[in-house]
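Peer 1: Need coordinates for the following:
(one chain, ligands or ions: 1)
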Amino acid sequence: MSNFRGKHILSVNQFDLDSIRQIFSVADQMAPYAHRKKRTKVLDGAILGNLFFEASTRTRVSFGTAFNLLGGEVRETAGMATSALSKGESLYDTARVLSSYSDVVAMRHPDSGSVAEFAEGSRVPVINGGDGANEHPTQALLDLYTIAKELKFHGHGIDGMHIAMIGDLKHGRTVHSLSKLLSLYRDIRFTLISPKELAMPDSVLDVIQNAGHRFKVTDQLEGNMDADICYQTRIQEERFESQQEANLYRGKFRLNQDIYTKHFQSKTVIMHPLPRDSRADANELDNDLNLNPNLAIFRQADNGVLVRMALFALTLGVENIISNYDCDVQWFSTKSEATNNEN
Ligand code: CP
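Peer 2: Predicted coordinates for the structure are as follows:
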């Protein structure tokens, strides 16, 4: 068993299969709390510093929700302009100060390596919520957790699976982190589909190859590719030199029901880290897929709360005492676990 207590969560490189199983086991135990069947006050009095220096909906709010669901409180900093970083303060100084106000920090920043730099100055555990085009470890964990659940529903496991990753594989930190985590398993097949200029970085291909997996790099969707998972991504326009350059690739790899039927199996699970770009000229994951039971995008987002609750419980060392602090749910709740037939 890994000991996460007091540790930073900065990169997927720090996980092995045992630690992933441990995180997923704790995440499973979080379901009754996330689905409002039970409440816990185990983190009563604890404070999360939720520092998001780059736009976010899911990661920022689900970190906050996860902490609240464990009974803790959340202090938000959203946007560079409202922080003294915009006055030239260093990440180290910011970390020294804010970590004394918090028991744990979740952070997103536009620069690769910035969250690790912040962690060097922090006196409390720091969890990486995305650092530039580099990594998004908690997204990769929730993606993997979702893949395991979805494939289990279809009667198999992660070993031997085939994943098609589509879109901006150069700048998409979620596909970098997920590919590295999948490389811990056995006999994974990767089909990597992107414009040539937005191909998966060699550093990630090296990890896949060195772990003995097969991969195919292509710039088009071809034939029926027997993928178990289709992982679609957004053109990461915020990482391009100019909007004009990003526009060259916008709408190149749309997925709608007709394209899905032509290229994928009827059971292929459709994933996307979100946000999907639903503007007409991009429309990378068409609304006509919304009722497709294989569309797992909102189940992914739901699973993010479970995985982030697990990471807080583990880093703060309360994973074995959560139910000691249970209390009743007093209000009427319609929340229940999403199934494969319900997004
Ligand atoms: N998937 C993800 O990171 O979404 P946000 O940018 O909304 O946090």
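Peer 1: next one: phi and psi at the most centrally placed residue in the chain?
Peer 2: For the chain, the residue nearest the mean C-alpha position is Q139 (1.1 Å; C-alpha atoms, centre = their mean). Backbone torsions of Q139, given as degrees, to the nearest 10, read phi -60, psi -40.
Peer 1: Tell me how far it lies from K87.
Peer 2: Applying C-beta to C-beta, to the nearest Å, the value for Q139 to K87 is 30 Å. The way it works is simple: take the backbone N, C-alpha and C, and place the C-beta from them, glycine included.
Peer 1: Likewise for D328?
Peer 2: From D328 to K87 the distance is 47 Å (C-beta to C-beta).
Peer 1: Spell out which residues of the chain are next to the ligand.
Peer 2: Contacts of the chain with the ligand, taken as C-beta under 6 Å from any ligand atom, map to 56-60, 130, 139, 273-275.
Peer 1: farthest pair in these?
Peer 2: The distance between the two most remote of those (C-beta to C-beta) is 14.0 Å, for R60 and P273.
Peer 1: out of the two, which sits in the busier spot?
Peer 2: P273 (27 against 21; other C-beta atoms under 10 Å).
Peer 1: and that one, helix, strand or coil?
Peer 2: Following DSSP: H, G, I helix; E, B strand; the rest coil, we place P273 in the coil state.
Peer 1: Just give me how far stretch 291-303 sits from the chain centre.
Peer 2: 14 Å (C-alpha atoms, centre = their mean, to the nearest Å).
Peer 1: which other residues reach that stretch?
Peer 2: Contacting residues not belonging to stretch 291-303 are listed as 27, 34, 58, 62, 142-143, 145-146, 149-150, 257, 260, 266-274, 276, 285, 289, 337-338, 340-341, 343 [C-beta atoms under 8 Å, 6 or more residues apart in numbering].
Peer 1: so of those residues, which ones are in strands?
Peer 2: Members of the contacts of stretch 291-303 lying in strands (criterion: DSSP state E): 269-271.
Peer 1: out of those, who has the most neighbours?
Peer 2: Counting by other C-beta under 10 Å, top hit in these: V269 with 28 neighbours.
Peer 1: Report the beta-bridge partner residues of that one.
Peer 2: I229 (DSSP bridges).
Peer 1: can you tell me which residues contact F253?
Peer 2: 166-167, 193-194, 221, 232, 284.
Peer 1: again, but for F118
Peer 2: 91-92, 94-95, 105, 107, 109, 126.
Peer 1: From T82, how far off is the residue nearest to V307 when sequence neighbours are not counted?
Peer 2: Among residues not flanking V307 along the chain, L142 sits closest, at 4.4 Å (C-beta to C-beta, 6 or more residues apart in numbering). In this view, L142 and T82 are 27 Å apart by C-beta to C-beta.
Peer 1: who has more neighbours, those two?
Peer 2: L142 (29 against 11).
Peer 1: Dump the C-alpha coordinates for stretch 69-79 into CSV.
Peer 2: What follows is stretch 69-79, C-alpha atoms only, in CSV (Å, rounded to 0.1, in the frame of the first residue of the first chain):
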residue,chain,number,x,y,z
LEU,A,69,-18.6,16.4,0.9
LEU,A,70,-15.9,15.3,3.4
GLY,A,71,-17.0,18.1,5.7
GLY,A,72,-14.2,20.6,5.0
GLU,A,73,-14.3,24.3,3.8
VAL,A,74,-13.0,25.8,0.6
ARG,A,75,-11.2,29.1,0.0
GLU,A,76,-11.1,30.0,-3.7
THR,A,77,-8.7,32.0,-5.8
ALA,A,78,-9.9,32.1,-9.4
GLY,A,79,-7.9,33.9,-12.1
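Peer 1: quick revisit: ChimeraX command for the buried members of the contacts of F118?
Peer 2: Burial among the contacts of F118 is assessed by 16 or more other C-beta atoms under 10 Å; the matching ChimeraX selection reads:
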select :91,94,95,105,107,109,126
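Peer 1: From N290, how far off is the residue nearest to V307?
Peer 2: 21 Å.
Peer 1: can you check L316 too?
Peer 2: In terms of C-beta to C-beta, L316 sits 37 Å off from N290.
Peer 1: Comparing these two, which residue is more hemmed in?
Peer 2: L316 (22 against 12).
Peer 1: how about the nearest residue to the more buried one, chain neighbours excluded?
Peer 2: V104 (6.2 Å).
Peer 1: If that neighbour is in a bridge, with which residues?
Peer 2: L48.
Peer 1: what about it, how many neighbours?
Peer 2: Counted with other C-beta under 10 Å, V104 comes out at 26.
Peer 1: Surely A27 and A148 touch.
Peer 2: No. Taking contacts as C-beta atoms under 8 Å, A27 lies outside contact range of A148: 10.4 Å.
Peer 1: Specify which residue of the two has the higher count of neighbours.
Peer 2: A27 (24 against 18).
Peer 1: List the contacts of that one.
Peer 2: 145, 303, 306-307, 309-310.
Peer 1: Would you write a PyMOL line that selects the buried entries of the residues you listed?
Peer 2: To isolate the buried ones among these in PyMOL, judged by 16+ other C-beta under 10 Å, type:
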select buried, resi 145+303+306+307+309+310
